[in-house]
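**Student:** How does the following fold in three dimensions:
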Amino acid sequence: MLGDNILRGPALADVAAAFDAGTNGAGALLYHVADARRFGVAELDGDGRVIGFEEKPDLPKSDVIPIGVYFLRSEAFSVIEALRPSARGELEITELLNHFARSGRLMTDYYAGHWSDAGTYESLLHAARLSAEPE
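**Tutor:** Predicted coordinates for the structure are as follows:
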């Protein structure tokens, strides 16, 4: 789980157990957002299944993003070793997810609770205001 996520909802242990039982590849939790350009964005097929991801696109292909909660097996390390840095000079999680999506071994599900990004000052303030609200 990335450190700039704030989740309010189902316990991740329960979500992880469902992924563990359902895949021999990797898993990612998804969420609909209004400002998809700030994130890695899912590309969906006609049935709504994820067929790939694009990192911070100018023209997002959907409003669906992986929220920074990933379920990976040890095999992911060998995939990471083969990745090349992006134009930003970073190894992108979207490329790791794309590897599993291309091989048909990426399990995804929408997070059933509330997710907030806390990676910018504005989003952190928004998340703090939400966390002060009663459940």
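**Student:** use CA for all of it now, contacts and neighbours both
**Tutor:** Will do.
**Student:** what's the pLDDT at Glu54?
**Tutor:** Per-residue pLDDT puts Glu54 at 94.
**Student:** which secondary structure element contains the most centrally placed residue in the chain?
**Tutor:** Nearest to the mean C-alpha position of the chain, by CA atoms, centre = their mean, lies Pro66 at 1.9 Å. In this assignment (DSSP states H and E), Pro66 forms part of strand 64-72.
**Student:** Touching that strand from outside, list them.
**Tutor:** 1-2, 5, 16, 19, 25-33, 36, 39-43, 115 (CA atoms under 8 Å, 6 or more residues apart in numbering).
**Student:** buried subset of those?
**Tutor:** Neighbour-count burial (16 or more other CA atoms under 10 Å) applied to the contacts of strand 64-72 gives 5, 16, 19, 25-33, 36, 39-43, 115.
**Student:** sorry, back to before: strands paired with the strand holding Pro66, and their directions?
**Tutor:** Here strand 64-72 is paired, per DSSP bridges, with strand 26-32 (antiparallel).
**Student:** I'd like the distance from Leu91 to Gly9, if you could.
**Tutor:** To Gly9, Leu91 is 30 Å away according to CA to CA, to the nearest Å.
**Student:** Which one's more surrounded, the two?
**Tutor:** Higher neighbour count among Leu91 and Gly9: Leu91, with 15 against 11, using other CA atoms under 10 Å.
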